[in-house]
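Enquirer: sharing a model prediction with you, sequence too.
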Amino acid sequence: MFSRIKNLINRSNGQDDSNTQSQQQYKSVMTEEDLQKQQAAMANQKRQEVEREYREQHPDQIKQENELSFEHKTNKLKKKLNIAIITVFGLIIIVFLILFFI
């Protein structure tokens, strides 16, 4: 805070502080973390752009992949449902046999 006031006073007196020039040079240098964030943002933007272009160029293939994905999910649910039904019937039979023979 005091350095700002000092710089204002020096500028009003016509003096130029060389320290402010070196500070401006240091501010233009990016840290490694900032550089990595910027590169990640650019890569993400590039990826999204490529995906958008692919969707525009191959709409039928995207639709086909979605249908296959839907069929795959449906088949998995069918298998799980069949296993659940068989398990319930098996447990009912076991309970009936236990109750009948006791």
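Expert: Arrived safely.

Enquirer: middle-most residue in the chain, spatially?
Expert: The residue lying closest to the centre of the chain (C-alpha atoms, centre = their mean) is N44, at 9.3 Å.

Enquirer: okay, and it sits in which element?
Expert: helix 32-57 (DSSP states H and E).

Enquirer: hang on, the earlier thing: pLDDT wise, what is the residue nearest to the centre of the chain at?
Expert: Predicted confidence (pLDDT) for N44: 94.

Enquirer: if we can go back for a sec, mind checking what helix or strand follows the helix holding N44 in sequence?
Expert: That would be, after helix 32-57 and using DSSP H and E, helix 59-101.

Enquirer: any regions of this structure where pLDDT drops low?
Expert: Applying pLDDT under 70 to the chain picks out residues 1-2, 8, 12-28.

Enquirer: and with 90 instead?
Expert: Along the chain, segments meeting pLDDT under 90 span 1-35, 51-73, 100-102.

Enquirer: how many neighbours does I62 have?
Expert: The number of residues packed near I62 is 13, by other C-beta atoms under 10 Å. Glycine gets a C-beta too; all of them are placed from N, C-alpha and C.

Enquirer: and what of N7?
Expert: Neighbours of N7 (other C-beta under 10 Å): 16.

Enquirer: and D34, how far from N82?
Expert: Per C-beta to C-beta, to the nearest Å, D34 is found 55 Å from N82.

Enquirer: from R52, how far out is L91?
Expert: Counting by C-beta to C-beta - L91 and R52 are separated by 52 Å.

Enquirer: and T74, by the same measure?
Expert: From T74 across to R52, the span is 29 Å (C-beta to C-beta).

Enquirer: please apply the same query to K6.
Expert: For K6 relative to R52 (C-beta to C-beta), the value is 52 Å.

Enquirer: before we move on, what about V95?
Expert: Per C-beta to C-beta, V95 is found 57 Å from R52.

Enquirer: all set, thanks.
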